[in-house]
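Asker: Make a model of this:
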Amino acid sequence: MPDLPATAQADVPPARDWWKSAVVYQIYPRSFADSDGDGVGDLGGILSRLDHLQRLGVDVIWLSPVYRSPMDDNGYDISDYQDIDPLFGTLAQFDDLLAAAHERGIRIVMDLVVNHTSDEHAWFLDSRASADSPRRDWYWWRPPRPGHVGGQPGAEPTNWVSLFSGPAWQWDETTGAYYLHLFSPKQPDLNWENPELREAVYAMMRWWLDRGVDGFRMDVINMISKRELVDTPGGDPAPAAFNGPRLHEFLAEMHREVFAGRPPGLLTVGEMPSSTVEQARLHTDPARTELDMIFQFEHVDLDSGPGGKWDVVPLRLSRLKACLGRWQEGLAEVGWNSLYWGNHDQPRAVSRFGDDSPHHRVRSATALATVLHLHRGTPYIYQGDELGMTNAHFATIDDFRDIEALNHYRTAVAAGADPVAVLDALRRKGRDNARTPMQWDASPGAGFSSGDPWIEVNANHVEINAADQVDDPDSVFAHHQRLIALRHEEPVVAHGDFTMLLPEHEQLYVFTRSLGGRELLVAANLSSEQRVPVDVPAEWARAELVLTNVPSAARPSQPDDADEAAAALVLGPWEARIYRR
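Answerer: I've put the predicted structure just below:
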């Protein structure tokens, strides 16, 4: 084990609940910046672009996995938790990145993937070597279904379907048993019922904190406690594999063994699909010492039909407001929200929730950002969203790289689905949309790499790139800067109460934030409708206009009387305003 560096968390001033006023920026390293020309982003590339993040004003980097990995799932299949994959660099480079970020007042949160490992991890190699291995019970091993021959269709211990398509059980000839993998067969699930396994995970986490990292974003952490391994309706593993009976116990133990007694300033975020408001309230209640906040998936499932993720249906704004409003209300007194439109697992926000046409892209990207950042919770910016990057519009299945998309296409087409329809769904919701290279400039490689990128650069990088935006006061980048500064400077943004207005309106997203004697009105027309009146008291139009996404030359003048005020509260396409009184 290498010596630990001198990097200290004291470089970033600690404070309790600091994350309520913070903004987090997610970096997907493979696609952010490539420093060595091999077409894959790396730690050196991130280090070279830290000034971009400092200029943007973010407080935290969430770093997607850079551990050693066979890259079956782009690093979410980890073979060594305590080393950096050579594709991304070295531990020494990581230490340099950590120190450079801390010098800029930016914390780094690591992606923690401990529901599963790679099948090439030493733990799993030992576990599968013998049924008598001391680590055998570190994973979920089961014999074939009674009356069936192992390895034959139908012999799997349960009918569960993997979240990446196909059976969730893999036959292993070595010991004549199946192992559970809720994702790829190369991602066997860890058995958290085993206390020795849990202590090994906690020791690894302590090692990274001692190294100087500022916390963890915990991948599918609500899957670490499983219920009975029995058949479920339709083979859906969620009823048995999500939010199991010992989840709260495990998270409390993790906090006690890893975080308790350390100086304040660390951040813990749990990714928790299928979680409810009530469950989130328990997980994020400070008195229970489990997590600071969670990622919920409810709002990003609203455009999925009965057939699941790939059954794409229109999204009504009233449904989106009802969903996010319920989370705001449910975590108002206890707990905390994570705020996001997109990440490495979601399509681009402006293509999904906005209008990515040339005429409306900038305005819709900034309107969506305004709405997100003014909710109560901690906002997350996914790399490129500060530029208004869009979906990639892949031409054929050969343009995709994601294992989830490729498996779904193969499975669906083999089952008789129309390939054209399947491809259309992948274009709209496939994860590769978020994974095309960061668009730094208009050069052929978009400033991402001097080599051939691992996935094609979006052709619109000529029009959409950081170089064109960072000095433009009317750009998507500049609007994000202003939103971040407002959160840092205005306590009501981080700490104020939230009240939804006009919940049934299908074009307007309107709410207030209030704290003490100060109140903000946030009003956004999330549609291409030309003129939409905002039905709130006219005196709001005479309040201070704090922020708008309309260029200064086109902003309305301050009204003098009630009639002018009422007329002023009319929003154009994708127009957003924030008033203060």
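
Asker: State the distance from residue 503 to residue 297.
Answerer: Separation of residue 503 from residue 297 (CB to CB, to the nearest Å): 21 Å. Just so you know, the C-beta spots here come from the backbone N, C-alpha and C atoms, and that holds for glycine as well.

Asker: before we move on, what about residue 447?
Answerer: 33 Å.

Asker: Check residue 44 too.
Answerer: Noted for residue 44: a distance of 33 Å to residue 297, by CB to CB.

Asker: With residue 514 instead?
Answerer: Taken as CB to CB, the span from residue 514 to residue 297 is 29 Å.

Asker: what's the answer for residue 470, then?
Answerer: 32 Å.

Asker: okay, how far is it across stretch 445-463, tip to tip?
Answerer: Using CA to CA, to the nearest Å, the end-to-end distance of stretch 445-463 comes to 13 Å.

Asker: Then stretch 132-150?
Answerer: Termini of stretch 132-150 sit 19 Å apart (CA to CA).

Asker: Next: stretch 491-502.
Answerer: Using CA to CA, the two ends of stretch 491-502 sit 25 Å apart.

Asker: And the contacts of it?
Answerer: 20-21, 321, 325, 328-329, 332, 373-376, 486-487, 508, 510-516, 518-520, 534-536 (CB atoms under 8 Å, 6 or more residues apart in numbering).

Asker: Just these: which are in helices?
Answerer: Judged by DSSP state H, these include 321, 325, 328, 329, 373, 486, 487 as members of helices.

Asker: name the element the residue nearest the centre of the chain belongs to?
Answerer: Per CA atoms, centre = their mean, the C-alpha nearest to the average position across the chain is that of residue 343, at 3.9 Å. Assigned by DSSP states H and E, residue 343 belongs to no helix or strand.

Asker: from memory it sits against residue 25, does it?
Answerer: No. Between residue 343 and residue 25 there is no contact under CB atoms under 8 Å: 11.0 Å.

Asker: what sits in contact with each of these two?
Answerer: Listed as contacting both residue 343 and residue 25 by CB under 8 Å, 6+ apart are residue 380.

Asker: Helix, strand, or coil at the residue nearest to residue 448 when sequence neighbours are not counted?
Answerer: Residue nearest to residue 448 in three dimensions, not counting chain neighbours: residue 437, with 3.7 Å by CB to CB, 6 or more residues apart in numbering. Classification of residue 437 by DSSP: H, G, I helix; E, B strand; the rest coil places it in coil.

Asker: Residue 437 and residue 186, how far apart?
Answerer: Residue 437 sits at a distance of 25 Å from residue 186 (criterion: CB to CB).

Asker: out of those two, which sits in the busier spot?
Answerer: With neighbours defined as other CB atoms under 10 Å, residue 437 and residue 186 compare such that residue 437 has more, 29 against 22.

Asker: in what helix or strand does the nearest residue to residue 487 once chain neighbours are set aside lie?
Answerer: Nearest non-adjacent residue to residue 487, counting by CB to CB, 6+ apart: residue 493, 4.6 Å away. For residue 493, the element it lies in under DSSP H and E is helix 491-495.

Asker: And the next helix or strand after that helix, what's buried?
Answerer: Per DSSP H and E, the first helix or strand lying C-terminal to helix 491-495 is strand 497-501. Neighbour counts using 16 or more other CB atoms under 10 Å place 498, 499, 500, 501 of strand 497-501 among the buried residues.

Asker: One more: stretch 270-281?
Answerer: 270, 271, 272, 273, 274, 275, 277, 279, 280, 281.

Asker: What distance separates the opening and closing residues of it?
Answerer: End-to-end for stretch 270-281, by CA to CA: 13 Å.

Asker: who touches that stretch?
Answerer: For stretch 270-281, the external contacting residues (CB under 8 Å, 6+ apart) are 217-222, 238, 242-243, 251, 283, 290-291, 293-297, 326-327, 330-331, 334-335.

Asker: buried subset of these?
Answerer: 217-222, 242-243, 251, 283, 290-291, 293-297, 327, 330-331, 335.

Asker: Tell me which entries of these lie within helices.
Answerer: Within the buried ones among the contacts of stretch 270-281, residues falling in helices by DSSP H are 251, 283, 327, 330.

Asker: Output those in JSON lines; the columns should cover distance to residue 129 and pLDDT.
Answerer: What follows is those, written out as JSON lines (distance: CB to CB, whole Å; pLDDT from 0 to 100):
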{"residue": "251", "distance to residue 129": "31", "pLDDT": "98"}
{"residue": "283", "distance to residue 129": "36", "pLDDT": "97"}
{"residue": "327", "distance to residue 129": "46", "pLDDT": "97"}
{"residue": "330", "distance to residue 129": "47", "pLDDT": "96"}
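
Asker: Residue 391: which of these is nearest?
Answerer: Taking CB to CB as the measure, residue 391 lies nearest residue 327 of these, at 25.6 Å.

Asker: okay, and the helix or strand of the chain with the least pLDDT?
Answerer: The weakest-scoring helix or strand in the chain, judged by mean pLDDT, DSSP states H and E, is helix 562-568 (a mean of 62).

Asker: Just after it, pick out the following helix or strand.
Answerer: Trace forward from helix 562-568 with DSSP H and E and the next one is strand 570-571.

Asker: Please name the strands paired to that following strand in the sheet, noting orientation.
Answerer: strand 532-533 (antiparallel) (DSSP bridges).

Asker: gap between the residue nearest to residue 474 when sequence neighbours are not counted and residue 507?
Answerer: Leaving aside its chain neighbours, residue 474 sits nearest to residue 551 (4.5 Å; criterion: CB to CB, 6+ apart). Distance, residue 551 to residue 507, by CB to CB: 21 Å.

Asker: These two: who's more crowded?
Answerer: residue 507 (16 against 11).

Asker: hang on, that one packs against residue 529?
Answerer: Yes. Using CB under 8 Å, residue 507 is in contact with residue 529, at 5.3 Å.

Asker: Ramachandran angles for residue 93?
Answerer: phi -70, psi -40 (degrees, to the nearest 10).

Asker: quick one: pLDDT of residue 224?
Answerer: With respect to pLDDT, residue 224 scores 98.

Asker: and it, what does it touch?
Answerer: 114, 115, 190, 192, 244, 247, 250.

Asker: so which of the residues you listed comes closest to residue 90?
Answerer: Using CB to CB, residue 114 is the member of those that sits closest to residue 90, with 23.0 Å.

Asker: Not counting its neighbours along the chain, what's nearest that closest one?
Answerer: In space, not counting the residues next to it along the chain, residue 114 is nearest to residue 201; the distance is 5.1 Å by CB to CB, 6+ apart.

Asker: these two touch, right, that neighbour and residue 115?
Answerer: No. Counting by CB under 8 Å, residue 201 does not reach residue 115; the two are 10.4 Å apart.

Asker: what residues are shared contacts of the two?
Answerer: What both residue 201 and residue 115 touch, as defined by CB under 8 Å, 6+ apart, is the set residue 190.
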